[in-house]
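> Structure for this input, please:
(2 chains)
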Amino acid sequence: MRVLGLLLLGLLLFPAQAEAHPLGNFTVNHYHGITVHPDRVTVRAVVDTAEIPTLQERPAEVGDYASRECAVLSRATSVEVDGRAVPVEVRSSAVEFPPGDGGLPTTRLTCVVEAWASGETVAVRAGYRDDRVGWREMTAVGDGVALLDPPVPGVSVTGELREYPDDLLSDPLDVRSVVLRVGAGSSAAVVGGEVGGSSPPGGSSLPGGSSLPGGSSLPGGSSLLGAATQAFTSLAGDRDLTPLVGVLAVVLSLVLGASHAALPGHGKTVIAAYLAGRAGTPRDALVVGATVTLTHTAGVLALGLLISATSAVAGDSVLRWLGVVSGVLVTAVGVTLLRASVRRPVLVGHGHGHGHGHAHGHGVGRTGLIGMGVAGGLVPSPSALVVLLGAVALGRTWFGVVLVLGYGLGMAATLTAVGLLLVRLRDRLAAVERLRDRFTALPVITAALVVVVGVGLAVRAAWGW
Amino acid sequence: MIRLVAITAVVGGLALLVTAVTSLSTSDAPAQPVGAVTEVATHRTVSALQDKLRRTPSDADAWAALGSAYVEQARVTGDPSYYGKAQGALDTSLRHRPEGNGFATIGLGALANARHDFAAARDHATRAQALLPDTAEVYGVLADALTQLGMAAEATAAVQRMLDLEPGVPSFTRAAYDLEQRGDVAGARAALERASDAAAASPDVVFCRYRLGELAFDHGDLDEALSQYSQGLAVDPRDVMLLQGKAKVEFARGSVDEALRMYSELVQRTPLPQLVHEYANMLRAAGRDPAPQFAVLERQFALAPDDLAASVAAADRGDAASALRLAEAEWGRRQHVLVADALAWALHLNGRHEEALSFADRAVSAGWHNAAFLYHRGVILAALGRDAEAAGVVEEALRINPHFSFVDAPRAREVLGGLR
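Here you go, the predicted model:
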């Protein structure tokens, strides 16, 4: 093949663009102005087609261009009211050809479409020429109804695609869908709500730096821990990595791992219950901690690798399956425990010798402990994953691995500390020992508890609660 | 007995609490968009820098990093509006630190390369080199500029320095291009495979697969080319260049209608001049009317001048005079072998075969196994009456890649038939 594109490695293949058309001369830009009336939804759609696509399409030579394209646009625009799709009809269509660069015309298509329905939520999705590069903007106002917390502004920031803002710190707007909540009264704009961008699912929840109101920060960002997590993920994405920042990031990863393990829902409670119920030793607590670190680090690295290698793997579903596996593992350990304690109730009587518990550990032993540790560390923490992938993208894979390792160590520290604490407490409290002697049923109850929690984890992960 | 009941109650209560809390606490866990992370990895760098600059707007380093990230973002998203932003961010960085701002200078060089202003890119890179002599990015910008300016030996040295400083996707892919131009196809393939192994982020993986596919296609290995393009498409099914590669293979295998359908879709979606030009040639080869595509192409070059591509397009649509004028203008700016080849062909079309041959010789002098170069040289030799030599050269072109051009590959077979 003739080598036309100069094969500029790592460079863009197209030559300099004249800057007069703000978004480049082959963009197709979209604006959708939504007005919600008491009985219908009106959308004023403007499509600004730059010089090159105009040249390719030659709309001026097509007699019924406006009506034809607006019909296509109305079919590509979906309006749902209270979850029901409503047919969208064209009310008016117009086209003009404002002059652009190099004496070439551009195309400005204006379609007013409407959908007759009323309800409490109105969802609009724009699908017309959605594979083109370009600016995508939506506005929403109520006429005779109020929009509750509309997620898009009421006024176009571009004057309906006539003047594009020149803000060095924001990306081109990319809003393709909106969900509006409708109340009685007149319109009042409040910040918040959900906006669908083109970025892959969930992409909008990353701090996009967009000029939209209510641009949310990382999920869970309300608490102090959330703020720390955000600082952590942005540290790895920081370009100028000084030694101080590096050390800070590692320390932060330890602290975050430790606090992450302290949060509920991490199997920690299960492990603690297990250690308390069986006569655990400090060494057992350490084994659990080490297993958690290893499993968590390996899990994050494996999943990170998988996601980097192929974007076809949806991280969400992998996480869910790992959750199920983790639950099943805990259940299995619980069942083994249950069998051991039912078969050998006599062993329990041995606990007298001031609770070093040698006799107790044999039912399941190391394998069971490691099983618990694996279950505890199997589901990679999403924030650790984000950090790893961010570091990989910056070519700092090793730094990312170190941070993930630190995160796992932090988690392990908390879990081990809790385990040790419980071992300590139990050694001190003779009462526990006495109880154990009297009620041989206690290990059975503990084991049953582990089974219940394991089933709960698995079911929860499977249904995505 | 009461104690037993009490303990059972406490344990049961705890169990309930644990399950309740764990199910509540998951509400925020799946909210993290893990699957989306790689796609927005570049974007994350951009957003982190944007956030930082909103807090500390006078951070010259962050402005420089943002400028370079915008250049990269333009490449990944195909959205040229990032060029203007890149320029603005780099200018801001230089305003805050006018002297000794190496990273902003690198960014300006990368931007100049992206805009095909290679002489400016080389100057920026040289100035950055004085400030940051051990930074790999400097040599990436320098190597790209020197390569395109036709300074092959200096370019090779820059690539080598880059490899020494930071072996990775950017240096391996540049090394591969350098080796390919010097005729070391096996070395180029090995370098690309190493790049591909090192690639983690999806845009890098896609880029390496495309280059491996192109290398295979340019040496006639359709199966391998298709396999590489398809592996890239598994990562990003919408990538324009990989789809272009696949369409070329379809055409080479005789599925002309399917190839035309794919190209027509591509030029609608992303009218890159390269794609419009190839589509026009494919229409010519299929006996359809390429005029509307050439018209679009001509206006594109008017909006964004690119004399090399414009010269080749003019030659393809039969405008020999324009082809020569444009090729000479480009040759005045840079002496890359691609320009030598275009100038040779334009001279030949204007009947100046002797001069044409000297440029055709120059195009092949570095050893690049480029089938189009050889075909052009063969036809020029034939025009000079050196039939035996011509036949050998054209035969060699077809041996390297029987599908080197939609239009010229069948012609090469005719030429060869006529010479024997």
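> how many neighbours does B:Glu258 have?
14 (other Cβ atoms under 10 Å in any protein chain shown). All C-beta atoms are positioned from the backbone trio N, CA, C, and that covers glycine.
> Ignoring the adjacent residues along the chain, who's closest to it?
B:Glu250 (4.9 Å; Cβ to Cβ, 6 or more residues apart in numbering or on different chains).
> how about the helix ranked longest in chain A: buried residues?
In chain A, ranked by residue count with DSSP state H as the criterion, the top helix is helix A:397-428. Using 16 or more other Cβ atoms under 10 Å in any protein chain shown as the test for burial, helix A:397-428 gives A:397, A:399-416, A:418-420, A:422-423, A:426-427.
> circling back: surely the residue nearest to B:Glu258 meets B:Ala259?
Yes: with contact defined as Cβ atoms under 8 Å, B:Glu250 counts as touching B:Ala259 (4.1 Å).
> With neighbour numbers in mind, choose between the two.
Using other Cβ under 10 Å as the criterion, B:Glu250 and B:Ala259 rank with B:Ala259 on top: 23 against 20.
> Can you name the residues of the stretch 251-400 of chain B that neighbour chain A?
Within the stretch 251-400 of chain B, the positions adjacent to chain A are B:267-274, B:277-278, B:281, B:292, B:295-296, B:299-300, B:302-306, B:308-309, B:312, B:338, B:370, B:372 by Cβ under 8 Å from any Cβ of the partner chain.
> Would you show me how to pick out the buried ones of those in PyMOL?
Written as a PyMOL command, the selection of buried residues from those, which uses 16+ other Cβ under 10 Å, is:
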select buried, chain B and resi 267+269+270+271+272+273+274+277+278+281+295+296+299+300+303+304+305+306+308+309+312+338+370+372
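> Just the ones of the residues of the stretch 251-400 of chain B next to chain A in helices?
Of those, the ones assigned to helices by DSSP H are B:267-269, B:273-274, B:277-278, B:281, B:292, B:295-296, B:299-300, B:302-303, B:308-309, B:312, B:338, B:372.
> buried residues in stretch B:255-262?
Applying 16+ other Cβ under 10 Å to stretch B:255-262 flags B:Val256, B:Ala259, B:Leu260, B:Met262 as buried.
> Residues contacting it, please?
B:Leu243, B:Lys246, B:Ala247, B:Lys248, B:Glu250, B:Phe251, B:Tyr279, B:Met282, B:Leu283, B:Ala285, B:Ala286, B:Arg288 (Cβ atoms under 8 Å, 6 or more residues apart in numbering or on different chains).
> Reformat those residues into CSV and put pLDDT next to each item.
As requested, the contacts of stretch B:255-262 are exported to CSV (pLDDT from 0 to 100):
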residue, pLDDT
B:Leu243, 96
B:Lys246, 97
B:Ala247, 97
B:Lys248, 97
B:Glu250, 97
B:Phe251, 97
B:Tyr279, 97
B:Met282, 97
B:Leu283, 97
B:Ala285, 96
B:Ala286, 96
B:Arg288, 96
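> Going by distance to chain A, which of those residues wins?
Distance to chain A, by Cβ to the nearest Cβ, is smallest for B:Lys248 among these, at 6.2 Å.
> Pretty sure the closest one sits against B:Phe217.
Yes: counting by Cβ under 8 Å, B:Lys248 touches B:Phe217, with 6.4 Å between them.
> mean confidence score for the helix or strand containing A:Ala290?
Counting by DSSP states H and E, the element that carries A:Ala290 is helix A:282-309. Computed over helix A:282-309, the mean pLDDT rounds to 75.
> swap in stretch B:75-95?
Mean predicted confidence for stretch B:75-95 is 85.
> Now that stretch - C-alpha only, CSV.
Coordinates of each C-alpha in stretch B:75-95 appear next as CSV, following Å, rounded to 0.1, in the frame of the first residue of the first chain:
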residue,chain,number,x,y,z
ARG,B,75,-4.1,11.0,18.9
VAL,B,76,-6.3,8.7,21.0
THR,B,77,-9.6,10.3,20.4
GLY,B,78,-9.0,11.6,16.9
ASP,B,79,-10.4,14.9,18.0
PRO,B,80,-8.3,17.8,16.6
SER,B,81,-9.8,20.4,18.9
TYR,B,82,-7.2,19.2,21.4
TYR,B,83,-4.4,20.8,19.3
GLY,B,84,-5.6,24.3,20.1
LYS,B,85,-5.9,23.4,23.7
ALA,B,86,-2.4,21.8,23.7
GLN,B,87,-1.0,25.0,22.2
GLY,B,88,-2.8,27.1,24.8
ALA,B,89,-1.6,25.0,27.7
LEU,B,90,2.0,25.0,26.5
ASP,B,91,2.0,28.7,26.0
THR,B,92,0.7,29.2,29.5
SER,B,93,3.4,27.0,30.9
LEU,B,94,6.0,29.1,29.1
ARG,B,95,4.4,32.3,30.3
